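Undergrad: Sequence and predicted model, in that order:
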Amino acid sequence: QVLQCVYGSVCALLFSMYLVFDTQLLMGDKSNRISEEEYIYAALQLYLDMVQIFLAILQIAGAVKN
C-alpha cells in the first residue's frame, strides 16, 4: 500500500517532468524546437504525458483509499 503510493508519486513526478520537457520542445527556441511537420507528434506526446499523470494520480488515490 505504501509502496504503491510511493510508486504512483514517483510516476506522477516523472511524467510531470516529461510534460515540462515536451512543452519546452514545442515552445522552445530555434535550437531546441520541434519542426512544424512534427506538431501532431508533439501534441500526442503532451496528451500521453497528461494521461500518464492522471493514471498515476488514480493509483495514488487507490492506494490511499485502501
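TA: Ah, there it is. Residues are numbered from 1 along each chain as shown.

Undergrad: how about the helices in the chain?
TA: With DSSP state H, the ranges of helices along the chain come out as 2-27, 39-65.

Undergrad: ok, and for the shortest one, which residues are buried?
TA: By 16 or more other Cβ atoms under 10 Å, the buried positions in helix 2-27 come out as 5, 8, 11, 12, 15, 18, 19, 22. The C-beta positions use only the backbone N, C-alpha and C, and glycine is treated the same way.

Undergrad: can you pull the pLDDT of residue 32?
TA: Residue 32 is assigned 73 on the pLDDT scale.

Undergrad: Please look at it and residue 24 and confirm they touch.
TA: Yes - at 7.1 Å, residue 32 and residue 24 qualify as touching, with contact defined as Cβ atoms under 8 Å.

Undergrad: still on that earlier bit, between the buried residues of helix 2-27, which is nearest residue 52?
TA: Nearest to residue 52 out of the buried residues of helix 2-27 is residue 15 (Cβ to Cβ; 4.3 Å).

Undergrad: and the closest one, how far is that from residue 62?
TA: 17 Å (Cβ to Cβ, to the nearest Å).

Undergrad: Count the neighbours of residue 54 for me.
TA: Using other Cβ atoms under 10 Å, residue 54 is surrounded by 12 other residues.

Undergrad: before we move on, what about residue 39?
TA: Other residues close to residue 39 by other Cβ under 10 Å number 11.

Undergrad: And residue 65, by the same measure?
TA: The burial count for residue 65: 7, using other Cβ under 10 Å.

Undergrad: picking up where we left off before, identify, from the buried residues of helix 2-27, the entry nearest to residue 42.
TA: Distances from residue 42 to the buried residues of helix 2-27, taken by Cβ to Cβ, are shortest for residue 22, at 6.6 Å.

Undergrad: follow-up on the earlier one: now the helices of the chain as JSON lines including mean pLDDT?
TA: Formatted as JSON lines, the helices of the chain follow (pLDDT from 0 to 100):
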{"stretch": "helix 2-27", "mean pLDDT": "90"}
{"stretch": "helix 39-65", "mean pLDDT": "92"}
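
Undergrad: And for the nearest residue to residue 22 once chain neighbours are set aside, the neighbour number?
TA: For residue 22, ignoring the flanking residues on the chain, the nearest one in space by Cβ to Cβ, 6 or more residues apart in numbering is residue 45 at 4.7 Å. Residue crowding around residue 45 was assessed by other Cβ under 10 Å; the count is 19.
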